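> When you get a sec, could you give me coordinates for this:
(chains A and B)
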Amino acid sequence: MTQLAERHDSLAAGFEALKREPAFGHQGLAETRTQAFDRFLSRGFPTTRDEEWRFTNIAPIAALPLAPAAARTIDADVTARLQPAGPVGVSLVVVNGRLVDTPALPAGVTIRTLDTATSSDLRPMRPAGGTIFPELNTAFFQDLVVIEIAPKAIVIDPIQVLFVTVADGDAPLVSPRLVIRAGEASQATIFETYADASPDAVAFVNAVVDVDVAPGAIVDHVKLQRQNPVSFHLGGTFVRVARAGTFTSHAVTVGGRIGRNDIVSVLDGEGATCTLNGLYVGTGDALIDTHTTIDHAKPHCPSHEIYKGILAGRARAVFNGKILVRLDAQKTDAKQTNKALLLTDEAQINTKPQLEIFADDVKCTHGAAIGQLDEDALFYLKARGIGALDARNMLLHAFADDVLTGIRLETVRTTTMALVEQMLGLPA
Amino acid sequence: MLLEIKDLRVKAEDKEILKGLNLSVNAGEVHAVMGPNGSGKSTLARVLAGHPGYEVTGGSITFDGKDLLELEPEERACEGVFMAFQYPVEIAGINNTYFLKAAVNAVRKYHGKSDLDAVEFMQLLRAKAKLLEMDQAMLGRSVNEGFSGGEKKRNEIFQMAMLEPRLGVLDETDSGLDIDALKIVSNGVNALRTPDRAMIVVTHYQRLLNYIVPDVVHVLTGGRIVRSGGRELALELEEKGYGWIEAETAGARG
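Prediction:
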């Protein structure tokens, strides 16, 4: 218990320091932050005794001497190196949780930050679910980015948001916060990247993203987590999809020592559609946890979910896919697939589908497949002259492509695949 | 001598399957290997290709002067050994054309040749596809995925045509083929018969040999080749079954 108190001391000291900054009390936030911090402290860092964290031991995060991340700048060449989609569309750069520049915006796109945020930007309606960590984000966030797409606006090029951590001194607690509001019948692609400026400095990124998809709006969302192998990432994404809206998410995790994504998506109007796809690749001692909840609250909503993982070294993964079909949500069509390739004997995954169905006229399917690379397929390729490494590479490509082909931007697919190859030591 | 197998002994999961097999094949020849189920015919084909599920416990395989058993499966393929699979593997997510290009260029690279460019490759692909009456749609699909039994076998011979091996080993290529598919496949194989290429046709039934006429017929039973002869041996087997040879062999051993 002493240790636990000490951890809280480190955070409490940070919280006291934050009180002296203008961001703390901005727009009446002081009370919101204090209440959120109290709720976090009363629960503390979850342990493996907590069912939701049974296979994900975050003691290494709790043990960090955490300090709120200081304002930092970054060179343009570092930004360019970390930005996977290249110089297309709008590129927003957020360093240590603060937006550092506002580029020219296409018609129909508005950006707000802490100074210009509305009260509802700061306190979004968030569906129940997820973890305690959004409370910690509320206590500590120093800026936020609100992306608003005007009704009927069709934004063709992607809006890229690059979250970079610049760590110096103590392990920084970075609290990025993003709000996406897609107006009625609008369409946009939002692409988040999380990265570190340093290849070997420890940081804890505790991100929260709130997405509001208005009736008939289409939001294509990609999240690439490519933090360095010693950093930690906990991300909560909360989505509400209104009538006939479409939300598509591709979460790609290729970095971090411990990374966890919690995605909660509520289909809150008839005909709302949600696709949650993901690809994660773990090597070394990485631990990658994905918890998704798709909440079918209204009738006639389809949802699709494919998560795939490739694990090497002693990497571990957790996948928990919850599908909730409420009493009213007749004619729901939900499909979930979860597959993982374990390339070594030490790699492991704990996977659990969780279907809670209260309506009686629904179609819900789920499947999980965990295994090694198909030996028969490997032999078949080799028997045609293709070398062992190339054969393995081809099969891994085919496995990953199934998820990546859903990403519309080709540059992103290519960059992601290159990162995957780099991690697995495969020549491109 | 293109291929020389001497006293080959092979185990799978602790069970001895080949028990001292001898076989010699010259370039330009087509050899049929016939035998009852479980005699070791498919084991012979797979061992030639280097399948990891078998353990060679004795004997030797020499291919064009090289010790084949020392080579990895991909090296054997590059040296010119091609096995048409009895059960071709379905590989989701790998496009047939992409796969063939990788294979053709891997073999070229092994021999110090540069990759075929896109135009050269497509010309080769079209010519060989015509030979096997493959339609374009099949080339664009994932390798063997959703192919019928006949399409899979045709795809195997198509790959052989693309890779132009020196030794083709056809492992029960006739099984599961209707008569039309059998004719297409046989025509493809016959078109690939050249003076510097040999074939080993592994089959249970004589029927295929009406279309692919062998130079030599071998009977494999109990893990050994117990009799070799001309085409008439196949006809005799068709008429009398395998029982008489098994009985004779047992008698000779006893």
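
> what kind of secondary structure is the residue of the stretch 51-200 of chain A found nearest chain B in?
Using Cβ to the nearest Cβ, the closest approach of the stretch 51-200 of chain A to chain B is made by residue A:84 at 22.3 Å. Any C-beta I mention is one placed from the backbone N, CA and C, and that applies to glycine too. Secondary structure, DSSP: H, G, I helix; E, B strand; the rest coil: residue A:84 is coil.

> which residues does the residue of chain A found nearest chain B contact?
Closest to chain B within chain A is residue A:398: 2.9 Å, counting by Cβ to the nearest Cβ. Neighbour list for residue A:398: B:91-94 [criterion: Cβ atoms under 8 Å, 6 or more residues apart in numbering or on different chains].

> Redo the residues you listed as a markdown table? Include secondary structure and distance to residue B:167.
A markdown table is the format used below for the contacts of residue A:398 (DSSP: H, G, I helix; E, B strand; the rest coil; distance: Cβ to Cβ, whole Å):
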| residue | secondary structure | distance to residue B:167 |
| --- | --- | --- |
| B:91 | strand | 24 |
| B:92 | strand | 30 |
| B:93 | strand | 30 |
| B:94 | strand | 25 |
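
> Whichever of those end up buried, select them in ChimeraX.
Only the buried entries of the contacts of residue A:398 go into this ChimeraX selection, using 16 or more other Cβ atoms under 10 Å in any protein chain shown:
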select /B:91,92,93,94
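
> show me which of the contacts of residue A:398 neighbour chain A.
Among these, the residues that sit close to chain A (Cβ under 8 Å from any Cβ of the partner chain) are B:91-94.

> nearest to residue B:1, of those?
When the ones next to chain A among the contacts of residue A:398 are ranked by distance to residue B:1 (Cβ to Cβ), residue B:91 comes first, at 35.1 Å.

> Run a quick neighbour tally on the closest residue to the closest one other than its chain neighbours.
Nearest residue to residue B:91, sequence neighbours excluded (Cβ to Cβ, 6 or more residues apart in numbering or on different chains): residue B:143, at 4.1 Å. Residues lying near residue B:143 (other Cβ atoms under 10 Å in any protein chain shown) number 27.

> OK, contacts around residue B:143?
A:380, B:89-91, B:94-96, B:99, B:155.

> Just the ones of those in strands?
For the contacts of residue B:143, the ones inside strands are B:91, B:94-95, with DSSP state E as the criterion.

> Dump the residues you listed into CSV; add pLDDT as well.
Below are the ones in strands among the contacts of residue B:143 laid out as CSV (pLDDT from 0 to 100):
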residue, pLDDT
B:91, 95
B:94, 94
B:95, 93
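
> just those now: which is nearest residue B:189?
Set against residue B:189, the nearest of these by Cβ to Cβ is residue B:91 (23.6 Å).

> Isn't that closest one up against residue B:142?
Yes - the criterion here is Cβ atoms under 8 Å, and residue B:91 meets it with residue B:142 at 6.3 Å.

> What about the residue nearest to residue B:51 when sequence neighbours are not counted, how many residues nearby?
Nearest residue to residue B:51, sequence neighbours excluded (Cβ to Cβ, 6+ apart): residue A:379, at 6.2 Å. Counted with other Cβ under 10 Å, the neighbours of residue A:379 add up to 21.

> Look at residue A:379 and report its pLDDT.
You'll see residue A:379 listed with a pLDDT of 98.

> mind listing what it touches?
Per Cβ under 8 Å, 6+ apart, neighbours of residue A:379: B:51-52, B:73, B:89.

> Residue A:330 should be in a strand, yeah?
No - assessed with three-state DSSP, residue A:330 is coil; it does not lie in a strand.
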